[in-house]
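**Q** Next input, structure requested:
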Amino acid sequence: MKDPRIDPISPEERAEPVVVVPYDPAWPASFERVRAPVAEALGDLAVGIEHIGSTAVPGLEAKPIVDVDVVIRRAGDLDEVMRRLGQLGYTHLGDLGIVGREAFRATKQMPRHHLYVCASGAVPLQAHLILRDALRGDPALAAQYGALKRELAERYREDRDAYTEGKSVFITAVLLRERDGRDKRAHRRRKG
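**A** Below is the predicted model of the structure:
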(Lines give C-alpha, C1' and ligand atoms only; values in the text may rest on other atoms or scores of the structure.)
Protein backbone atom coordinates (compact mmCIF):
# COMPACT_ATOMS: atom_id res chain seq x y z
CA MET A 1 0.00 0.00 0.00
CA LYS A 2 1.24 3.46 -0.88
CA ASP A 3 1.86 6.09 1.78
CA PRO A 4 -1.31 8.27 1.82
CA ARG A 5 0.82 11.38 2.42
CA ILE A 6 2.56 11.12 -0.96
CA ASP A 7 1.70 14.03 -3.23
CA PRO A 8 1.09 13.49 -6.91
CA ILE A 9 4.19 15.58 -7.54
CA SER A 10 7.76 14.46 -7.73
CA PRO A 11 9.74 13.79 -4.54
CA GLU A 12 11.89 16.84 -5.40
CA GLU A 13 8.85 19.09 -5.60
CA ARG A 14 7.44 17.56 -2.41
CA ALA A 15 10.62 18.59 -0.59
CA GLU A 16 10.10 22.24 -1.59
CA PRO A 17 8.79 24.61 1.11
CA VAL A 18 5.07 25.33 1.21
CA VAL A 19 4.50 28.64 -0.54
CA VAL A 20 1.14 30.34 -1.00
CA VAL A 21 1.13 33.07 -3.64
CA PRO A 22 -1.42 35.68 -4.73
CA TYR A 23 -3.97 34.59 -7.34
CA ASP A 24 -2.43 34.35 -10.80
CA PRO A 25 -4.82 35.09 -13.68
CA ALA A 26 -2.72 32.67 -15.79
CA TRP A 27 -3.95 29.66 -13.77
CA PRO A 28 -7.05 29.09 -15.95
CA ALA A 29 -4.77 28.97 -19.01
CA SER A 30 -2.52 26.47 -17.23
CA PHE A 31 -5.59 24.37 -16.54
CA GLU A 32 -6.50 24.51 -20.22
CA ARG A 33 -2.96 23.40 -21.19
CA VAL A 34 -3.54 20.32 -19.03
CA ARG A 35 -7.19 19.77 -19.99
CA ALA A 36 -6.83 19.82 -23.78
CA PRO A 37 -4.39 16.90 -24.24
CA VAL A 38 -6.09 14.86 -21.50
CA ALA A 39 -9.50 15.39 -23.14
CA GLU A 40 -8.10 14.41 -26.52
CA ALA A 41 -6.41 11.27 -25.15
CA LEU A 42 -9.41 10.11 -23.14
CA GLY A 43 -12.15 10.99 -25.62
CA ASP A 44 -15.55 9.82 -24.42
CA LEU A 45 -14.05 8.05 -21.38
CA ALA A 46 -13.98 11.49 -19.73
CA VAL A 47 -17.43 12.93 -19.11
CA GLY A 48 -15.88 16.04 -17.61
CA ILE A 49 -12.57 17.65 -16.69
CA GLU A 50 -12.86 20.08 -13.80
CA HIS A 51 -10.50 22.81 -12.59
CA ILE A 52 -10.72 22.42 -8.82
CA GLY A 53 -8.83 23.63 -5.78
CA SER A 54 -7.75 27.15 -4.91
CA THR A 55 -6.30 27.97 -8.34
CA ALA A 56 -9.86 27.58 -9.68
CA VAL A 57 -11.18 30.39 -7.46
CA PRO A 58 -10.53 33.87 -8.89
CA GLY A 59 -8.75 36.07 -6.35
CA LEU A 60 -7.83 33.25 -3.95
CA GLU A 61 -4.23 32.76 -2.87
CA ALA A 62 -2.88 29.28 -3.55
CA LYS A 63 0.11 27.06 -3.93
CA PRO A 64 0.98 27.54 -7.61
CA ILE A 65 -0.11 24.02 -8.57
CA VAL A 66 -3.31 23.55 -10.59
CA ASP A 67 -5.66 20.80 -9.39
CA VAL A 68 -7.62 18.84 -11.99
CA ASP A 69 -10.35 16.22 -11.62
CA VAL A 70 -11.04 13.99 -14.61
CA VAL A 71 -14.56 12.61 -14.30
CA ILE A 72 -15.23 9.17 -15.79
CA ARG A 73 -18.58 7.39 -16.09
CA ARG A 74 -17.67 4.42 -13.94
CA ALA A 75 -14.72 3.07 -11.98
CA GLY A 76 -14.58 0.10 -14.37
CA ASP A 77 -13.11 2.43 -17.02
CA LEU A 78 -10.04 3.15 -14.89
CA ASP A 79 -7.73 0.57 -16.53
CA GLU A 80 -8.25 2.11 -19.97
CA VAL A 81 -7.96 5.63 -18.53
CA MET A 82 -4.66 4.64 -16.89
CA ARG A 83 -3.38 3.23 -20.18
CA ARG A 84 -4.25 6.38 -22.12
CA LEU A 85 -2.90 8.74 -19.46
CA GLY A 86 0.27 6.63 -19.42
CA GLN A 87 0.69 7.37 -23.13
CA LEU A 88 0.75 11.08 -22.18
CA GLY A 89 3.49 10.38 -19.64
CA TYR A 90 1.37 10.24 -16.48
CA THR A 91 2.31 7.84 -13.70
CA HIS A 92 -0.55 6.26 -11.73
CA LEU A 93 -0.01 6.65 -7.97
CA GLY A 94 -3.12 4.88 -6.68
CA ASP A 95 -5.70 6.44 -4.40
CA LEU A 96 -3.13 7.82 -1.90
CA GLY A 97 -5.47 6.86 0.92
CA ILE A 98 -8.58 8.55 -0.50
CA VAL A 99 -11.01 5.95 -1.80
CA GLY A 100 -12.76 7.03 -5.00
CA ARG A 101 -9.94 9.28 -6.22
CA GLU A 102 -6.99 8.01 -8.25
CA ALA A 103 -3.93 10.28 -8.42
CA PHE A 104 -1.49 10.67 -11.31
CA ARG A 105 1.90 12.37 -11.50
CA ALA A 106 2.55 14.44 -14.62
CA THR A 107 5.70 14.87 -16.60
CA LYS A 108 7.86 17.94 -16.01
CA GLN A 109 6.99 19.26 -19.48
CA MET A 110 3.44 20.12 -18.40
CA PRO A 111 2.37 22.96 -16.11
CA ARG A 112 2.63 21.96 -12.45
CA HIS A 113 -0.58 20.23 -11.54
CA HIS A 114 -2.24 17.46 -9.57
CA LEU A 115 -4.41 15.22 -11.72
CA TYR A 116 -7.05 12.99 -10.18
CA VAL A 117 -9.51 10.60 -11.79
CA CYS A 118 -12.89 10.06 -10.13
CA ALA A 119 -15.99 8.21 -11.23
CA SER A 120 -19.04 10.40 -11.68
CA GLY A 121 -20.72 10.90 -8.31
CA ALA A 122 -17.69 9.82 -6.27
CA VAL A 123 -17.51 11.39 -2.82
CA PRO A 124 -14.07 13.03 -3.35
CA LEU A 125 -15.25 14.55 -6.64
CA GLN A 126 -18.38 15.95 -5.01
CA ALA A 127 -16.34 17.40 -2.15
CA HIS A 128 -13.93 19.10 -4.58
CA LEU A 129 -16.78 20.64 -6.58
CA ILE A 130 -18.78 21.73 -3.53
CA LEU A 131 -15.76 23.42 -1.96
CA ARG A 132 -14.74 25.13 -5.21
CA ASP A 133 -18.25 26.40 -5.88
CA ALA A 134 -18.74 27.59 -2.29
CA LEU A 135 -15.48 29.58 -2.45
CA ARG A 136 -16.34 31.00 -5.88
CA GLY A 137 -19.77 32.05 -4.65
CA ASP A 138 -18.72 33.66 -1.38
CA PRO A 139 -15.83 36.16 -1.58
CA ALA A 140 -15.76 36.59 2.21
CA LEU A 141 -15.40 32.85 2.69
CA ALA A 142 -12.65 32.76 0.05
CA ALA A 143 -10.83 35.60 1.81
CA GLN A 144 -11.09 33.75 5.13
CA TYR A 145 -9.67 30.61 3.50
CA GLY A 146 -6.88 32.63 1.88
CA ALA A 147 -5.88 34.11 5.24
CA LEU A 148 -5.83 30.64 6.79
CA LYS A 149 -3.67 29.30 3.97
CA ARG A 150 -1.17 32.17 4.31
CA GLU A 151 -0.93 31.63 8.06
CA LEU A 152 -0.49 27.86 7.69
CA ALA A 153 2.13 28.29 4.95
CA GLU A 154 4.15 30.53 7.25
CA ARG A 155 3.78 28.21 10.24
CA TYR A 156 4.36 24.95 8.33
CA ARG A 157 6.67 26.08 5.55
CA GLU A 158 8.73 22.88 5.79
CA ASP A 159 5.86 20.50 6.60
CA ARG A 160 3.47 19.93 3.71
CA ASP A 161 1.44 17.37 5.66
CA ALA A 162 0.84 19.74 8.60
CA TYR A 163 -0.14 22.50 6.15
CA THR A 164 -2.69 20.20 4.52
CA GLU A 165 -4.01 18.95 7.85
CA GLY A 166 -4.36 22.54 9.08
CA LYS A 167 -6.85 23.25 6.30
CA SER A 168 -9.01 20.20 7.02
CA VAL A 169 -11.19 21.71 9.78
CA PHE A 170 -12.05 24.70 7.56
CA ILE A 171 -12.78 22.50 4.55
CA THR A 172 -14.94 20.12 6.57
CA ALA A 173 -16.92 23.04 8.01
CA VAL A 174 -17.57 24.42 4.51
CA LEU A 175 -18.66 21.02 3.21
CA LEU A 176 -21.01 20.52 6.16
CA ARG A 177 -22.44 24.03 5.78
CA GLU A 178 -23.10 23.44 2.09
CA ARG A 179 -24.67 20.02 2.75
CA ASP A 180 -26.92 21.49 5.44
CA GLY A 181 -27.95 24.31 3.11
CA ARG A 182 -28.84 21.84 0.35
CA ASP A 183 -30.80 19.70 2.82
CA LYS A 184 -32.79 22.70 4.04
CA ARG A 185 -33.56 23.83 0.48
CA ALA A 186 -34.70 20.30 -0.45
CA HIS A 187 -36.91 20.13 2.66
CA ARG A 188 -38.55 23.48 1.79
CA ARG A 189 -39.22 22.29 -1.78
CA ARG A 190 -40.86 19.09 -0.50
CA LYS A 191 -43.05 21.06 1.94
CA GLY A 192 -43.94 23.86 -0.40
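**Q** Poorly predicted segments of this protein, please.
**A** Applying pLDDT under 70 to the chain flags the ranges 1-11, 183, 185-188, 192.
**Q** Sketch out the helices for it, chain order is fine.
**A** 11-14, 27-42, 78-87, 123-137, 139-155, 160-191 (DSSP state H).
**Q** and L152, how many residues sit next to it?
**A** 20 (other Cβ atoms under 10 Å). Where you see a C-beta, it was placed from the backbone N, CA and C, and this is true even at glycine.
**Q** typed the wrong thing, it's A134
**A** A134 has 19 neighbouring residues, counting by other Cβ under 10 Å.
**Q** What distance do you get for it to A36?
**A** A134 sits 27 Å away from A36, going by Cβ to Cβ, to the nearest Å.
**Q** thinking again about what came up before, can you put the helices of the chain in JSON lines and add distance to V99?
**A** As requested, the helices of the chain are arranged in JSON lines below (distance: least, Cβ to Cβ, whole Å):
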{"stretch": "helix 11-14", "distance to V99": "22"}
{"stretch": "helix 27-42", "distance to V99": "22"}
{"stretch": "helix 78-87", "distance to V99": "13"}
{"stretch": "helix 123-137", "distance to V99": "8"}
{"stretch": "helix 139-155", "distance to V99": "25"}
{"stretch": "helix 160-191", "distance to V99": "16"}
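**Q** which stretch among those helices comes nearest V66?
**A** Relative to V66, the nearest member of the helices of the chain by Cβ to Cβ is helix 27-42, separated by 5.0 Å.
**Q** Give me the angle between the closest one and helix 78-87.
**A** Here helix 27-42 runs at an angle of 120 degrees relative to helix 78-87 (axes from the mean of the first three to the mean of the last three Cα atoms, to 10 degrees).
**Q** Show residues contacting helix 27-42.
**A** For helix 27-42, the surrounding residues in contact (Cβ atoms under 8 Å, 6 or more residues apart in numbering) are 46, 49, 51, 55-56, 62, 64, 66, 68, 70, 72, 81, 84-85, 87-88, 106, 110-113, 115.
**Q** Among those, which ones are in strands?
**A** If you go by DSSP state E, those have A46, I49, H51, V66, V68, V70, I72, H113, L115 in strands.
**Q** Count the neighbours of the first one for me.
**A** Burial of A46, expressed as a neighbour count using other Cβ under 10 Å, amounts to 20.
**Q** Identify the residues contacting it.
**A** A46 sits in contact with V38, A39, V70, V71, I72, V81, where contact means Cβ under 8 Å, 6+ apart.
**Q** And the buried ones among those, selectable in ChimeraX?
**A** With 16 or more other Cβ atoms under 10 Å as the criterion, this ChimeraX line picks the buried residues out of those:
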select :38,70,71,72,81
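**Q** Pick the one among the contacts of A46 closest to Q126.
**A** Among the contacts of A46, and counting by Cβ to Cβ, the member closest to Q126 is V71, at 10.6 Å.
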